[in-house]
Every structure is written in structure tokens, then in C-alpha cells.
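In: Predicted coordinates and the sequence they were generated for:
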Amino acid sequence: MKCEDMRNLLLTDYLDGELDAERRFQVEVHLKSCYQCKDFFAEVKTQIKNPLDNYEVKKVPDSIWLNIKERIEEQQARAFNISEKINSWLWGWKPALTLALTLIIFVGVFFINNVKISSKAIDKTDTTVYLVDNEEDVAGFGTNIENYFL
Amino acid sequence: MNDLDKFIKDAVNGDVRAFEQIYKASASFVYNVAWSMLRNEHDAQEATQEVFMKVYKELKNFRFASSFKTWVYRITVNHVLNVRKSQSRYKNHEVMVEDENVIDHISDHKEQNKEDEQEMIMKMLDILDPQQKMCMVLRHLEGLSYQQVAEVTRMNLNTVRTHLKRSRELLIKKFPRKEVIEHEM
């Protein structure tokens, strides 16, 4: 393996322990014989890997959770208030609503019945008119040409 | 059903204590990724809050077939990269790095306190572009494998590898070993 290919591995998979045993062995054999690559790898380790791996993560400030908790509780309270308002409105106006609904149903039924009765009357009138029209038609035998031949 | 699954189901039903357990399990990752990428305490805290509010909101849509940890990490990476993008629209986010001095300071452990050393390491990463930096942070600071980095960032495995390679090449070029400089001089 060429030194250039070797350095690509040294900068990535070998440095990060992502190589399988066989390829790792190949790299190690190369490092033993090539001082330039060995020096390059030592530099990568001291300048990049070691400082970054020794970096200590920061402690999470307690205030973050307190703020999140407050926001969640606010959301929950808002959602609860909306459903409670709807409930209280419905229950508070229950007698009035019941009365209003009864009236609406009563008026509705009355109105529908009236409409049915008046539409039956119209049907009868239509039939009468139709029969009268037919009687007029019966007096003739169709068109003038038809009358001539008959 | 494991503990986490139970916490998720309870949290979906509005149990804040269950959600606190979920928060505790991944808060360190979310906050540290946000802090490393945004480099500002206030922004990191705000980003952490937003990520967890998103997690809380979307919890009911979480499919147990995928890893919960990966799902939270993904939300974090997306959110933080979006914040970075929106920040760069308003200000030049490039942080001034005192070039070669940075690594000299890191190597010289005895002459500085731990906090300065940590800050120097972060300054070193600031020269990378957001995608490269995200890969480096996930790999080195959070210890994720290539496969995990690829899953969390939704990048191809080879793209992750390339980002890491280029980042390290750039860092070596920008911050060569002190002894080498002295030798060359």
C-alpha cells in the first residue's frame, strides 16, 4: 500500500478504530517500516485526537429543565382551560340549551308538516290543470295536417 | 417494555415526570452539541429548550421501530444546523482564531487552567465549516461511530469519512506540531 493511501486510513478509519483486524494489521506493519507515516500519525494523535478526546463535556445548567417544565405546564394548562371553558359553557347553559333545542325541534316538525300539506294541495291543482289541458287536446286530432287527412 | 418505552408512553399522556427522565437521558448530548456548534451559552440553552419542546410535541408521532436516541440526536443536529444557518445570515460567524498559538496553548498544559484549554480546543474547531464541525463534534466529543454519525446527520457513510478526513487535514495544516516548526526554523 502506498504512503498516500496509508495516510488516508491514518486520518480516518485507523485513527477512529473503524478498521477490521486484517486491515489494522496491514497498517501496523506499514507503520513499523515507514518512519514518515509513523511521524505523521504521531502528529495527528497529539495535535487532534488527544486534545479532542480529552475534551470534557459541559454540565447542563439546571435552569434549562426548569424552563422546559414551565413551558410544558403552561401548554397543558392552556389546553385544559380551553376544554374546561367549553365544558363549563355547555353545562352552565344546559337548561337554556335544552329548552332552545326542544323549541327548534318543535318548530322544525311543525314547519315540515306544513310544507308537506301545502305541497300536496299544489299537486292536486297541477293534476286538475293537466286534465283540463288534456280535454282541450282531445277535442282536436293533432296537427292541422293530421286533421286534414282524417 | 423497557423503562424508556414506558417513559415515552407516559410522557405522551402528559406525565411531566416521565418526560423529565427522557430529558435526563439525552440533555447532555443536546446541550453539548448545541454549545459546540453555536459557541454561545445563551444560544445553546435556547437551542436545548427548543429541541426538547420539539421532542415533546412530536413524541406522539415517534415510531418505536427506530432508536429513540438517534431520533432525538437527529432533531438536535437539524435544529442546531438551522440556527447556525440563520445566524450566518445576520452576522459573520467566523470566529477569530489566533492560528498556530491555539495548539501551543493546548499542548502547554501546565501554564493554563482547564477552562482555557477547553476554549482553545473549541477555537480550533471553529475554523471548520458547519458540516465538518458537526462530524468532528459527534465523533470526538460524543464518541459516535461512523455509522451513528451517518444516521444522525443523514449523510452517506463515505461523506462522513470525507468530512472527518478533510477536517483533520485542515487542522494539521493550520496547527502543525510545535516541534516541527522549531525544527524547520
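Out: Yep, it's here.
In: pLDDT weak spots in chain B?
Out: B:1, B:89-112, B:178-185 (pLDDT under 70).
In: switch the cut-off to 90
Out: B:1-5, B:14, B:60-67, B:85-121, B:174-185 (pLDDT under 90).
In: ok, now chain A?
Out: The model of chain A has pLDDT under 90 over residues A:1-4, A:53-57, A:75-101, A:110-150.
In: Flag every residue of it that's near chain B.
Out: Counting by CB under 8 Å from any CB of the partner chain, the residues of chain A close to chain B are A:8, A:11-13, A:15-16, A:18, A:43-44, A:46-49, A:51-53, A:55-58, A:60-61, A:63-65, A:67-69, A:71-73, A:76. C-beta coordinates here come from the backbone N, C-alpha and C atoms, glycine included.
In: Burial check on the residue of chain B at minimum distance from chain A, number of neighbours?
Out: For chain B and chain A, the shortest gap (CB to the nearest CB) falls at residue B:140, measuring 3.8 Å. By the measure other CB atoms under 10 Å in any protein chain shown, the count of residues near residue B:140 is 22.
In: Would you mind listing the residues in contact with the closest residue to it other than its chain neighbours?
Out: Of all residues not flanking residue B:140 in the chain, residue A:52 sits nearest, at 3.8 Å (CB to CB, 6 or more residues apart in numbering or on different chains). Contacts for residue A:52 were tallied using CB atoms under 8 Å, 6 or more residues apart in numbering or on different chains; they are B:121, B:125, B:136, B:140-141.
In: Remind me which helix or strand the residue in chain A positioned nearest to chain B belongs to.
Out: Going by CB to the nearest CB, chain B is nearest to residue A:52 of chain A, at 3.8 Å. Here residue A:52, judged by DSSP states H and E, is contained in helix A:50-53.
In: try residue A:115
Out: helix A:94-139.
In: so how far is residue A:101 from residue A:58?
Out: 62 Å (CB to CB, to the nearest Å).
In: more neighbours, those two?
Out: Each of residue A:58 and residue A:101 has its neighbours counted (other CB under 10 Å); residue A:58 has more, 15 against 10.
In: Next, give phi and psi for the more buried one.
Out: For residue A:58, the backbone dihedrals (degrees, to the nearest 10) come out as phi -80, psi 150.
In: ok, now which ones touch it?
Out: B:31-32, B:35.
In: hmm, who's touching whatever helix or strand residue B:79 lives in?
Out: Using DSSP H and E, residue B:79 sits in helix B:68-90. Applying CB under 8 Å, 6+ apart, the contact partners of helix B:68-90 are B:4, B:8, B:25-26, B:29-30, B:33-34, B:37-38, B:43, B:47, B:50-51, B:54-55, B:58, B:62, B:93, B:130-131, B:134, B:138, B:148, B:151-154.
In: Next, the buried residues of it.
Out: B:68, B:71-77, B:79-81, B:83-84 (16 or more other CB atoms under 10 Å in any protein chain shown).
In: In contact with the residue positioned nearest the centre of chain A, which residues?
Out: Centroid-nearest residue in chain A: residue A:79, 19.0 Å away (criterion: CA atoms, centre = their mean). With contacts taken as CB under 8 Å, 6+ apart, residue A:79 has no neighbouring residues.
In: that older thread, so which of the contacts of helix B:68-90 also contact chain A?
Out: Answer for those near chain A: none qualify (CB under 8 Å from any CB).
In: give me the number of residues near the nearest residue to residue A:69 once chain neighbours are set aside?
Out: The shortest distance from residue A:69 to any non-neighbouring residue, by CB to CB, 6+ apart, is to residue B:16 (6.1 Å). By other CB under 10 Å, 15 other residues sit near residue B:16.
In: My guess is residue B:16 contacts residue A:73. True?
Out: Yes. Under the criterion of CB atoms under 8 Å, residue B:16 makes contact with residue A:73 at 6.7 Å.
In: any residues in contact with both of those two?
Out: Joint contacts of residue B:16 and residue A:73 (CB under 8 Å, 6+ apart) do not exist.
In: For the residue most central in space within chain B, list the residues it contacts.
Out: Compute the mean C-alpha point of chain B, and by CA atoms, centre = their mean the closest residue is residue B:33, 2.7 Å away. By CB under 8 Å, 6+ apart, the contact set of residue B:33 is B:73, B:76-77, B:80, B:134, B:137-138, B:141-142.
In: sorry, back to before: and the residue nearest to residue A:69, what does it touch?
Out: A:69, A:72-73, A:76.
In: With residue B:52 as the reference, measure out to it.
Out: Counting by CB to CB - residue B:16 and residue B:52 are separated by 12 Å.
In: Domains in chain B, by residue range?
Out: Here the domain parsing of chain B from automatic domain parsing is B:3-90, B:99-184.
In: chain center to the longest one: distance?
Out: Which is domain B:3-90. 13 Å (CA atoms, centre = their mean, to the nearest Å).
In: can you check the shortest one too?
Out: Relative to its chain's centre, domain B:99-184 lies at 12 Å (CA atoms, centre = their mean).
In: what helix or strand does residue A:55 sit in?
Out: Counting by DSSP H and E, residue A:55 is found in no helix or strand.
In: Counting neighbours, what do you get for residue A:43?
Out: 17.
In: ok, and the closest non-adjacent residue to it?
Out: Nearest one to residue A:43, counting by CB to CB, 6+ apart, is residue B:177 at 4.9 Å.
In: Brilliant, that's me finished.
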